[in-house]
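**Student:** Below is the sequence, then the predicted model.
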Amino acid sequence: MLAPSDMTGKVALVTGAASGLGKATALRLAEVGADLAIVDLEADGLSSTAKEIKALGRKVLELPLNLMDRDQCKEAVERTVAEMGRLDSVCNIAGVLRCGATEDFSDNDWDMVLKVNLEAPFFVMRAAIPHMVDKESTIVNVTSSAGFREQAYFAAYCTSKAALTHLTKSLAFEYIKSPLRINAVAPGGMATPLVSHAAPAMSLDPDLYGRLGSFKGLCDLSDVTEVVAFLASPASRSFHGACLNVDAGEIIG
């Protein structure tokens, strides 16, 4: 298992930190020494995460913001820099998942998936890069195996994650002459609250819907957080423009 470097003295901004992978990543970064700015629309869950971070002896800034709002994406970065004094790593982990037959898929669900999964990372990065571009800093975007493999009934989610993977690589090339490093992690299926918010599959073709996942089963959440933390840390100094698949072989099966 990859062991991230000591991040003592560094500040990381983590989105989607109220639960699931976002919360687990924030806690892992705190364990290796980072102070945290945590962002999520769910204020109660965010406060719970903050208490656990404080128990680890780290500083934490709670930012209960709606990342579907571009101005609030900028606010998350500006408040982090103003109140924490610096910004060394951004981990874009917030995500939403909706499934359904295309002819029944609502405009609202399409807009939500694209705004949270693709637009929010872009606007957070756009606001953060001026504070990070001249130093050894990192951005880690969480995409998905769904961005590499066709999945029936998940057109919006697959589109958003494929686009985020390419956005990561495009920005990595744009800033290749700077000390800033930009990478991505593409997890497979995990047992997180994200899955429980997908639409029920009762009316969908089981021959198509049943092709999801890996023969090896779900990914362990801690394996994914370890890779995110590695890419966020100085230990990954030779990684730039990479997308690491942590999916138990899902995209080949």
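**Tutor:** Thanks, I have the structure now.
**Student:** okay, CA-based contacts and neighbour counts for the rest of this
**Tutor:** Noted.
**Student:** low-confidence ranges in the stretch 1-150 of the chain?
**Tutor:** Counting by pLDDT under 70, the stretch 1-150 of the chain shows low-confidence ranges at 1-4, 148.
**Student:** mind listing the strands for the stretch 101-250 of the chain?
**Tutor:** Along the stretch 101-250 of the chain, the stretches classed as strands by DSSP state E, counting those that start in this stretch are 138-142, 181-187, 243-246.
**Student:** May I see those arranged in TSV, with distance to residue 112 and mean neighbour count as well?
**Tutor:** Shown next, in TSV, are those (distance: least, CA to CA, whole Å; neighbours: other CA atoms under 10 Å):
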stretch	distance to residue 112	mean neighbour count
strand 138-142	17	28
strand 181-187	20	27
strand 243-246	24	21
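**Student:** Using CSV, lay out those strands together with distance to residue 171.
**Tutor:** Formatted as CSV, the strands of the stretch 101-250 of the chain follow (distance: least, CA to CA, whole Å):
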stretch, distance to residue 171
strand 138-142, 10
strand 181-187, 7
strand 243-246, 13
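**Student:** I'd like to know which of these lies nearest to residue 33.
**Tutor:** Nearest of the strands of the stretch 101-250 of the chain to residue 33, taken as CA to CA: strand 138-142 at 15.5 Å.
**Student:** need the helices for the stretch 1-150 of the chain, in chain order.
**Tutor:** Per DSSP state H, counting those that start in this stretch, the stretch 1-150 of the chain carries helices over the ranges 20-31, 43-55, 70-84, 107-114, 120-132.
**Student:** Was I right to think residue 21 contacts residue 92?
**Tutor:** No. Residue 21 is beyond contact range of residue 92, at 10.6 Å (criterion: CA atoms under 8 Å).
**Student:** Can you say which of the helices of the stretch 1-150 of the chain is nearest to residue 245?
**Tutor:** Closest approach to residue 245 among those is made by helix 20-31 (15.1 Å; CA to CA).
**Student:** quick one on the thing from earlier: of all the strands of the stretch 101-250 of the chain, which one is nearest residue 31?
**Tutor:** If you check each of those against residue 31 by CA to CA, strand 138-142 wins as the nearest, at 17.8 Å.
**Student:** and the closest one with helix 20-31, angle?
**Tutor:** Strand 138-142 runs at 150 degrees relative to helix 20-31, counting by axes from the mean of the first three to the mean of the last three CA atoms, to 10 degrees.
**Student:** Using CSV, list the CA coordinates for strand 138-142.
**Tutor:** The C-alpha coordinates for strand 138-142 follow below in CSV (Å, rounded to 0.1, in the frame of the first residue of the first chain):
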residue,chain,number,x,y,z
THR,A,138,-1.2,19.4,-5.7
ILE,A,139,-4.7,19.0,-7.2
VAL,A,140,-6.4,15.6,-7.1
ASN,A,141,-9.7,15.0,-8.9
VAL,A,142,-11.8,11.9,-8.2
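**Student:** what's in contact with that strand?
**Tutor:** 88-93, 121, 125, 132, 164-165, 168, 180-187, 228, 231-233 (CA atoms under 8 Å, 6 or more residues apart in numbering).
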